[in-house]
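In: This is a predicted model, with the sequence first.
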Amino acid sequence: MTIPAFADEAAQLLPDLQALRRTLHANPEIGLDLPDTQRAVLHDLEPLGLEITLGQDLTSIVAVLRGGKPGPTVLLRGDMDALPLEEETGLEYAATNGRMHACGHDLHTAGLVGAARLLAAHRDELVGDILFMFQPGEEGYGGARIMLEEGLLDATGNRPIAAYGIHVAPGPRGVFATRAGAIMAGANELAITVRGRGGHGSQPHQALDPVPVAAEIILALQTFATRRFDPFDPVILSVTQLEASDGLNIIPETATLRATIRTLSEASVRTLREELPRLAGHIAAAHGQTAEVDFHVAYPVTINDADSTSNVTGWLADAFGAQRVQILPTPVMASEDFSFVLNEIPGTFMTLMATPPDVDPATVEFNHSPRVLFDDSVLGDQAAALATLAWRTLAGA
């Protein structure tokens, strides 16, 4: 089957996609409730004649493109939410509402709209169906998990045979990067509350002060993370919050520490579940106190299917040139809730580098910075890449 000239067609769409992206960038929304973003996307999808289903517990959009010939389903995903961050880019279309698309989800959304337009223009030739997943709540809200619970994978009547997602990142503009196996870490949340006995700050001998015990646990956690795990299956543990007394002269009843823990395997998660309560409990007991441990898996590891990823790298090289495709040597220790989808469906998650050419690589700002810049001229390639992957998957099924 002849592959449409998606890259050439996407170049014609680029001004429209940039306009959508900049509208979204100037009006960012956070969490699971993105009514303005949903409205803008629906407006651009309306002429395409897609089957639309809106989320119940979040403002998601599930759009189905029925191909002209029967066949399987491929899922394409774009996340839509922003971050609670004051923008400092100085762009003409910068947000001013205390929120910012600092992770590039505005590009992901516009790029997926572009893929929908490209594929809809060739629906009569399409062998199968495309499931477009416009997702709120990626930034810590588990939006993908909620969409799965609401029946995402059943939207076409055929469970997808593959799932693809693209995330923009700093780096040489227009270069795609991915790897087979683990590509992004799992995100886990830890809270430890040390319970002692409060008192006056001038008389610590009459209290059981939980603050130094919490401090001792924090130091022990750092040793635990570097000594209990294989360095080739790393665990990154960062204690980021510590809460104790509200008064300078008050020894509190409790001290609570919270940490984010990034993992690359289920074996590491099992070790954390089993050993963290024992570690904290024994330290607290040595001081006559107790420790309550709450360990929660927020996002699983994002794992790319090996066969799918081999196909993807070849297809992208065919479409854009081998020099624009990189194989990542190691996973990225940040997390991504597309992992929920890839736990159910084989597929590939990849990055598209999008640093503007006039930005010095030595001073480039990264995702989640209030000064990060993404060049939205990559939107044509992003749309063409998603359309190409879907088309070639269905053609080879």
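Out: Happy to help now that I have it.

In: can you tell me how far Ala26 sits from Pro136?
Out: Distance of Ala26 to Pro136, computed by CB to CB, to the nearest Å: 18 Å. The C-beta positions use only the backbone N, C-alpha and C, and glycine is treated the same way.

In: An error on my part: the question was meant for Glu125.
Out: In terms of CB to CB, Glu125 sits 32 Å off from Pro136.

In: Give me the more crowded residue out of those two.
Out: Neighbour count, other CB atoms under 10 Å: between Glu125 and Pro136, Pro136 has more, with 29 against 15.

In: Domain boundaries for the chain, per the record?
Out: For the chain, the domain assignment from automatic domain parsing gives the residue ranges 6-183+301-396, 186-299.

In: want to try JSON lines for those domains, with mean pLDDT as columns?
Out: As requested, these are exported to JSON lines (pLDDT from 0 to 100):
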{"stretch": "domain 6-183+301-396", "mean pLDDT": "97"}
{"stretch": "domain 186-299", "mean pLDDT": "97"}
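
In: quick one, which of the ones you listed is packed in tightest?
Out: Mean neighbour count (mean count of other CB atoms under 10 Å) peaks for domain 6-183+301-396 among those, with a mean of 20.

In: Can you show me the helices along this structure?
Out: Along the chain, counting by DSSP state H, helices occupy 6-26, 35-45, 105-120, 143-149, 210-227, 266-286, 306-320, 339-342, 379-396.

In: Test my guess that Glu189 contacts Thr263.
Out: No - here Glu189 does not reach Thr263: they are 11.7 Å apart, not a contact under CB atoms under 8 Å.

In: For the residue nearest the centre of the chain, give its distance to Val113.
Out: Centroid-nearest residue in the chain: Glu336, 2.9 Å away (criterion: CA atoms, centre = their mean). Distance of Glu336 to Val113, given as CB to CB: 21 Å.

In: List the contacts of the nearest residue to Cys103 once chain neighbours are set aside.
Out: Distance criterion CB to CB, 6 or more residues apart in numbering; nearest residue to Cys103, sequence neighbours excluded, is Asn367 at 4.8 Å. Going by CB atoms under 8 Å, 6 or more residues apart in numbering, Asn367 touches Ala102, Cys103, Gly104, Ala169, Pro170, Ala334.

In: go with 7 Å
Out: If you count contacts by CB atoms under 7 Å, 6 or more residues apart in numbering, Asn367 has them with Ala102, Cys103, Gly104, Ala169.

In: okay, those residues in JSON lines with distance to Leu237 next?
Out: Below are the contacts of Asn367 laid out as JSON lines (distance: CB to CB, whole Å):
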{"residue": "Ala102", "distance to Leu237": "24"}
{"residue": "Cys103", "distance to Leu237": "23"}
{"residue": "Gly104", "distance to Leu237": "27"}
{"residue": "Ala169", "distance to Leu237": "24"}
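
In: Just give me the closest of those residues to Ile52.
Out: Using CB to CB, Gly104 comes nearest to Ile52 of the contacts of Asn367, at 24.5 Å.

In: Bridged to the closest residue to that closest one other than its chain neighbours, which residues?
Out: Using CB to CB, 6+ apart and skipping the chain neighbours, the partner closest in space to Gly104 is Val168 (3.8 Å). Counting by DSSP bridges, Val168 is bridged to Leu352.

In: residues touching Val168, list them.
Out: Gly104, Leu107, Leu352, Ala354, Phe374, Val378.

In: Nearest to Ser202 among those residues?
Out: Gly104 (52.7 Å).

In: In the stretch 51-200 of the chain, mark out all the strands, start to finish.
Out: 51-54, 61-66, 69-79, 127-135, 162-169, 176-178, 181-184, 186-195, 199-200 (DSSP state E, counting those that start in this stretch).

In: Run the chain-centre distance for the fifth one.
Out: This means strand 162-169. 10 Å (CA atoms, centre = their mean, to the nearest Å).

In: The first one too?
Out: If you compare the mean C-alpha spot of strand 51-54 with that of the full chain, they lie 23 Å apart, counting by CA atoms, centre = their mean.

In: Could you do the last one as well?
Out: Counting by CA atoms, centre = their mean, strand 199-200 is centred 45 Å from the centre of its parent chain.

In: what comes into contact with it?
Out: With contact meaning CB under 7 Å, 6+ apart, strand 199-200 is reached by Gln206, Ala207, Asn249, Ile251.

In: could you redo the last one with a cut-off of 6 Å?
Out: Gln206, Ala207, Ile251 (CB atoms under 6 Å, 6 or more residues apart in numbering).

In: Any figure for the gap between Glu87 and Arg371?
Out: Taking CB to CB, one finds Glu87 at 8 Å from Arg371.

In: and Met1, what pLDDT?
Out: Per-residue pLDDT puts Met1 at 64.

In: send the alpha carbons of stretch 223-232 over as CSV?
Out: C-alpha atoms of stretch 223-232 as CSV (Å, rounded to 0.1, in the frame of the first residue of the first chain):
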residue,chain,number,x,y,z
THR,A,223,22.1,5.2,52.2
PHE,A,224,19.3,2.7,51.6
ALA,A,225,18.8,4.0,48.1
THR,A,226,22.5,3.7,47.2
ARG,A,227,23.3,0.4,49.0
ARG,A,228,20.2,-1.8,48.6
PHE,A,229,19.8,-1.6,44.9
ASP,A,230,21.7,-2.8,41.8
PRO,A,231,23.4,0.3,40.2
PHE,A,232,22.2,-1.0,36.9
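
In: if we can go back for a sec, got a markdown table for the helices of the chain, with distance to Ala95 too?
Out: Output for the helices of the chain, formatted as a markdown table (distance: least, CB to CB, whole Å):
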| stretch | distance to Ala95 |
| --- | --- |
| helix 6-26 | 6 |
| helix 35-45 | 12 |
| helix 105-120 | 10 |
| helix 143-149 | 20 |
| helix 210-227 | 36 |
| helix 266-286 | 36 |
| helix 306-320 | 31 |
| helix 339-342 | 28 |
| helix 379-396 | 18 |
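
In: Which of those helices sits closest to Gly78?
Out: The nearest among the helices of the chain, by CB to CB, is helix 105-120 at 3.3 Å.
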